[in-house]
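K.L.:
with the input below, show me the fold.
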Amino acid sequence: MKSIIGIVTIGVSPRKDIQDELNAVINKDIDYVHIGALDNINEEELIELSPLNKSDSLVTIYKNDIEVKVSHEKTTKILYEKINSISKKSDIIVMACTGYENLKNYPTPILFPGTITENLISYYSNKNNFKLGVIQPTSDQIEKEEIKWQSRNIKAEVHATSPYIDITKNPDWEKIIESFKAFDPDIVYLNCMGMKTEHKNLIQKTLKKPVLLATHVTGSVINDLL
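P.N.:
Okay, the predicted model is just below:
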């Protein structure tokens, strides 16, 4: 019998792009079910979910693949309902946003890609003069991310660009790579579930450094759990 992976997104579902990235790593026979916080949310309701401030900002996809920002605090209330619904159909749930790490007490295990990847980085960072490169989906999150890694005594250079713009038409990537060349990180972390293999490959090919994509790290964990 196939295991069922539930993907819970803060935007609209299904997120086949995230499913595809998980499938690039998972080598088990599985099926997926999807649910999204913005499913059945109209444009007026979406405005009500706008971020309270920069540190409350999350980036996701709305109808017709439009990139939007939503409030972490406001969206969490909706996610509890969505998780309750999808947990009845899933063996494992993937919280498809690296910005979440504290939704608990559900009958189905929930994997938080951000927490999993960041813990891996923290354990790997015990070498002398470890440096971390981070790419966020929006500049609103840069300061918060810098503070987080500083609190863990990890030297990090944080940049931001949208993963939802065609990589060949987005000049931010070239600028970020040039900055990372000077910074010389030990690892680069693509801190958004919207980041894809093409983004990872671009960084690896240019910098010759390990690149952690949250979907791939999570897929590896799922392989061991199923």
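K.L.:
partners of residue 160 in the sheet?
P.N.:
Going by DSSP bridges, residue 160 is paired in beta bridges with residue 136.
K.L.:
which stretches of the protein have low pLDDT?
P.N.:
Low-confidence regions of the chain, defined here as pLDDT under 70, do not occur.
K.L.:
so where do the helices sit in it?
P.N.:
For the chain, the helices defined by DSSP state H cover 16-23, 43-48, 72-86, 113-124, 142-151, 172-183, 197-207, 214-225.
K.L.:
quick one: closest of the ones you listed to residue 96.
P.N.:
helix 16-23 (5.2 Å; Cβ to Cβ). In short, each C-beta sits where N, CA and C put it, glycine included.
K.L.:
and residue 28, how far from residue 115?
P.N.:
Distance of residue 28 to residue 115, given as Cβ to Cβ, to the nearest Å: 22 Å.
K.L.:
ugh, typo on my part, it should be residue 53
P.N.:
Counting by Cβ to Cβ, the gap from residue 53 to residue 115 is 23 Å.
K.L.:
higher neighbour count, those two?
P.N.:
Neighbours per residue (other Cβ atoms under 10 Å) separate residue 53 from residue 115, with residue 115 holding more: 16 against 9.
K.L.:
contacts only, for the more buried one.
P.N.:
residue 101 (Cβ atoms under 8 Å, 6 or more residues apart in numbering).
K.L.:
look up how far residue 226 lies from it.
P.N.:
Relative to residue 226, and taking Cβ to Cβ, residue 115 is found at 19 Å.
K.L.:
show me the protein divided up by domain.
P.N.:
3-112+217-225, 115-213 (automatic domain parsing).
K.L.:
now do the shortest one: distance to the chain's middle.
P.N.:
Mean-position distance between domain 115-213 and its chain equals 12 Å (Cα atoms, centre = their mean, to the nearest Å).
K.L.:
end-to-end on that domain?
P.N.:
Start-to-end span of domain 115-213 (Cα to Cα, to the nearest Å) is 13 Å.
K.L.:
tabulate the CA atom coordinates of stretch 144-159 in CSV.
P.N.:
Only the C-alpha atoms of stretch 144-159 are listed here, as CSV (Å, rounded to 0.1, in the frame of the first residue of the first chain):
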residue,chain,number,x,y,z
LYS,A,144,15.1,38.6,10.8
GLU,A,145,17.3,35.9,9.2
GLU,A,146,20.5,37.7,10.0
ILE,A,147,19.4,38.0,13.7
LYS,A,148,18.5,34.3,13.8
TRP,A,149,21.9,33.1,12.6
GLN,A,150,23.8,35.7,14.7
SER,A,151,22.0,34.3,17.8
ARG,A,152,23.4,30.9,16.8
ASN,A,153,26.9,32.3,16.5
ILE,A,154,27.0,31.6,12.8
LYS,A,155,28.4,34.2,10.4
ALA,A,156,25.9,34.5,7.7
GLU,A,157,25.5,36.6,4.5
VAL,A,158,21.8,36.9,3.6
HIS,A,159,20.4,37.9,0.3
